[in-house]
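Novice: Structure here, sequence nowhere to be found:
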């Protein structure tokens with residue numbers, strides 16, 4: 001697949017990564033929280049990195065694999081956001097927008113992964 005400047009998943013995952021960086025900065029400076037925030041930073045920025053790599057994939061299976069990894073990272077990120085909220089480190093208000101954006105990425109990536117594997121499996125038949 002070719003990467004373009006207007007690629008929805010590329011732009012949304014990059015914007016989300018930037019939000020995770022800002023959340024990490026807030027959590028470490030204002031809340032003095034270093035463990036969960038580092039996990040959020042790692043998985044939240046990994047989504048876009050895998051999307052970017054997948055868009056440069058050499059084959060359709062390579063693309064599908066990287067998008068699957070991005071989806072797994074998004075699911076992990078959702079978990080860290082939920083823990084930050086449910087532990088009281090972040091309030092519902094502070095975590096809601098970040099969580100909503102993460103769920104949107106999960107939905108988009110689920111569709112991409114399903115379509116990619118369907119295309120691969122149909123080609124093999």
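Specialist: Thanks, I have the structure now. No experiment lies behind these values; they were computed from the predicted model shown.
Novice: distance between the ends of stretch 87-98?
Specialist: 16 Å (Cα to Cα, to the nearest Å).
Novice: Measure how buried residue 96 is and give me the count.
Specialist: Look at residue 96: counted by other Cβ atoms under 10 Å, it has 13 neighbours. C-betas here are computed from N, CA, C, even on glycine.
Novice: Quick check, pLDDT for residue 5.
Specialist: On the pLDDT scale, residue 5 is placed at 62.
Novice: should've said residue 123
Specialist: 76.
Novice: Identify the residue spatially nearest to it, adjacent ones excluded.
Specialist: Nearest residue to residue 123 in three dimensions, chain neighbours excluded: residue 60, at 7.7 Å (Cβ to Cβ, 6 or more residues apart in numbering).
Novice: Hmm, the one you found is touching residue 116, no?
Specialist: Yes - when contacts are counted by Cβ atoms under 8 Å, residue 60 is listed as touching residue 116 (6.6 Å).
Novice: List the buried residues in the helix or strand bottoming out on mean pLDDT in the chain.
Specialist: Each helix and strand of the chain was given a mean pLDDT (mean pLDDT, DSSP states H and E); the minimum falls on helix 92-124 at a mean of 95. Across helix 92-124, burial judged by 16 or more other Cβ atoms under 10 Å covers 94-95, 98-99, 101-102, 105-106, 108-109, 112-113, 116-117.
Novice: Would you reformat those as JSON lines and include distance to residue 71?
Specialist: Putting the buried residues of helix 92-124 into JSON lines (distance: Cβ to Cβ, whole Å) gives the following:
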{"residue": "94", "distance to residue 71": "25"}
{"residue": "95", "distance to residue 71": "21"}
{"residue": "98", "distance to residue 71": "18"}
{"residue": "99", "distance to residue 71": "16"}
{"residue": "101", "distance to residue 71": "15"}
{"residue": "102", "distance to residue 71": "11"}
{"residue": "105", "distance to residue 71": "8"}
{"residue": "106", "distance to residue 71": "7"}
{"residue": "108", "distance to residue 71": "9"}
{"residue": "109", "distance to residue 71": "4"}
{"residue": "112", "distance to residue 71": "8"}
{"residue": "113", "distance to residue 71": "6"}
{"residue": "116", "distance to residue 71": "11"}
{"residue": "117", "distance to residue 71": "11"}
